[in-house]
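Chemist: generate a structure from the sequence data that follows.
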Amino acid sequence: MSHAIVAPEYGDPSVLEFVEVEVPEPGPHEVKIELRAIGVNPTDYKQLRGPARGNPTFPLRVGNEASGVVIAVGADAEGPAGRISVGDEVIAFRAAGSYAEEIVVPDSAVLPKPSALGWEKAAGLLLVATTAFHLVEATGVKEGDRVLIHGASGSVGMIATQLAVLRGAQVVGTASAANQELVREHGAEPVVYGEGLADRVSALFPEGVDVALDTVGTDEALDTSVELVADRDRIASIAGFARGPELGIKLLGGGPGADPGNEIRQGARAELIQLAADGKLDVLIGATFPLSEAAAALELVASGHPGGKVILLP
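Modeler: Modelled structure (predicted):
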């Protein structure tokens with residue numbers, strides 16, 4: 001027997017229970033992993049609040065990304081990087097039900113974890129990094145572009161900033177007054193959001209803004225983006241689903257009418273892992289919690305101010 005976090009019903013994080021579960025042996029093209037760290041994300045909170053699609057069964061298993069060690073493999077288990085063996089250190093994404101000590105996942109979700117990448121950063125990397133990659137890829141960020149990133153001190157915003165800088169772009173990133181230095185550390189020129197934002201950005205980019213990437217979805221972020229960027233195809237949001245269609249900008253992710261970008265995101269996983277292992281892409285860890293305290297971890301994420309990625313430790 002092993003332990004996992006389950007939800008007997010929809011609700012807030014208080015409904016979560018730490019229980020014993022039986023973990024099956026892996027079938028063909030499946031892998032069993034003993035987890036070392038687990039990423040906690042806003043999508044987990046949304047999953048707990050109610051169904052986005054389909055008819056999930058209860059008790060509901062929560063989570064989507066983790067790192068760990070392979071302890072059993074099914075027949076013909078071969079991941080995107082090749083054969084998977086017992087003892088391999090791996091990253092699992094997308095890995096349904098990852099709030100657990102052990103999980104069984106499809107081999108397509110399993111990639112090697114480089115030794116240079118720690119367990120916690122490995123577990124917190126791929127959901128935010130593939131989202132950020134989708135943003136810069138969908139808008140064609142390239143060398144010489146002037147890029148505005150809304151929410152540059154958030155987990156997705158920090159990765160998007162680093163990816164844009166790696167592509168040779170100049171980046172201005174919005175953040176609160178308290179997080180200006182954090183934005184600067186990741187290669188962007190920080191700017192405080194709030195009244196007069198468009199003027200402050202224009203002062204930093206007097207030649208104009210080529211691309212806007214929105215990770216917050218506020219009216220200010222959307223209005224500033226369409227005011228400063230002439231080409232609506234080079235404005236993308238992962239949060240502005242209500243107004244996005246009327247503004248004619250790109251909507252990415254799991255929201256209504258958005259492009260999920262599954263092929264782009266899945267295809268970028270190995271590249272993003274290598275960038276992180278090489279020290280070119282950093283994941284800021286905001287807090288860690290024991291697996292049994294998943295409710296508190298998820299409450300912190302839901303607060304909107306986790307200070308970086310939140311990680312569960314089995």
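Chemist: and the contacts of the host helix or strand of residue 149?
Modeler: Residue 149 belongs to strand 146-150 when elements are defined using DSSP states H and E. Counting by CB atoms under 8 Å, 6 or more residues apart in numbering, the neighbours of strand 146-150 from elsewhere in the structure are 141, 157, 160-161, 164, 169-174, 188, 193, 201, 205, 207-216, 218, 221, 224-225, 228-229. To be clear about C-beta, it is placed using only N, CA and C from the backbone, and glycine gets the same treatment.
Chemist: how about 6 Å then?
Modeler: Outside of strand 146-150, the residues within contact range by CB atoms under 6 Å, 6 or more residues apart in numbering are 141, 157, 160-161, 164, 169-174, 201, 205, 209-216, 221.
Chemist: and for stretch 216-230?
Modeler: 150, 151, 197, 198, 209, 212, 214, 235, 239, 240, 243, 247.
Chemist: and the fourth one, how far is that from residue 172?
Modeler: In other words, residue 198. Between residue 198 and residue 172 the computed distance is 11 Å (CB to CB, to the nearest Å).
Chemist: who's more crowded, those two?
Modeler: For residue 198 and residue 172, the more surrounded residue by other CB atoms under 10 Å is residue 172, and the numbers stand at 24 against 16.
Chemist: mind checking the SS state of the more buried one?
Modeler: For residue 172, the reduced secondary structure class is strand; criterion used: DSSP: H, G, I helix; E, B strand; the rest coil.
Chemist: so what pairs up with it in the strands?
Modeler: For residue 172, the beta-bridge partners are residue 148, residue 189 (DSSP bridges).
Chemist: quick check: it vs residue 212, distance?
Modeler: 10 Å.
Chemist: just the ones of the contacts of strand 146-150 in strands?
Modeler: Counting by DSSP state E, the contacts of strand 146-150 place 170, 171, 172, 173, 174, 211, 212, 213, 214 in strands.
Chemist: now render the contacts of stretch 216-230 as CSV, adding distance to residue 256 and pLDDT.
Modeler: Conversion of the contacts of stretch 216-230 to CSV gives the following (distance: CB to CB, whole Å; pLDDT from 0 to 100):
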residue, distance to residue 256, pLDDT
150, 20, 98
151, 20, 97
197, 26, 98
198, 27, 98
209, 27, 98
212, 21, 98
214, 16, 98
235, 18, 98
239, 12, 96
240, 11, 97
243, 12, 97
247, 15, 98
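Chemist: buried stuff in the longest helix seen in the chain?
Modeler: Longest helix in the chain by number of residues, with DSSP state H as the criterion: helix 119-138. Judged by neighbour count using 16 or more other CB atoms under 10 Å, the buried positions of helix 119-138 are 119-138.
Chemist: tell me the angle of it relative to strand 146-150?
Modeler: Here the directions of helix 119-138 and strand 146-150 differ by 130 degrees (axes from the mean of the first three to the mean of the last three CA atoms, to 10 degrees).
Chemist: in PDB, list the C-alpha atoms belonging to helix 119-138.
Modeler: Coordinates of the C-alpha atoms in helix 119-138 are reproduced here as PDB (Å, rounded to 0.1, in the frame of the first residue of the first chain):
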ATOM      1  CA  TRP A 119      14.000  17.000  -7.600                       C
ATOM      2  CA  GLU A 120      12.100  20.000  -6.700                       C
ATOM      3  CA  LYS A 121      12.900  22.200  -9.700                       C
ATOM      4  CA  ALA A 122      12.300  19.100 -11.900                       C
ATOM      5  CA  ALA A 123       8.900  18.600 -10.500                       C
ATOM      6  CA  GLY A 124       7.900  22.300 -10.900                       C
ATOM      7  CA  LEU A 125       9.300  22.900 -14.300                       C
ATOM      8  CA  LEU A 126       7.200  21.500 -17.100                       C
ATOM      9  CA  LEU A 127       3.700  22.800 -16.600                       C
ATOM     10  CA  VAL A 128       4.800  26.400 -16.400                       C
ATOM     11  CA  ALA A 129       7.700  26.000 -18.900                       C
ATOM     12  CA  THR A 130       5.600  24.400 -21.600                       C
ATOM     13  CA  THR A 131       2.900  27.100 -21.100                       C
ATOM     14  CA  ALA A 132       5.600  29.800 -21.400                       C
ATOM     15  CA  PHE A 133       7.100  28.200 -24.500                       C
ATOM     16  CA  HIS A 134       3.700  28.100 -26.100                       C
ATOM     17  CA  LEU A 135       3.400  31.900 -25.500                       C
ATOM     18  CA  VAL A 136       6.700  32.800 -27.100                       C
ATOM     19  CA  GLU A 137       6.300  30.200 -29.900                       C
ATOM     20  CA  ALA A 138       2.700  31.200 -30.800                       C
END
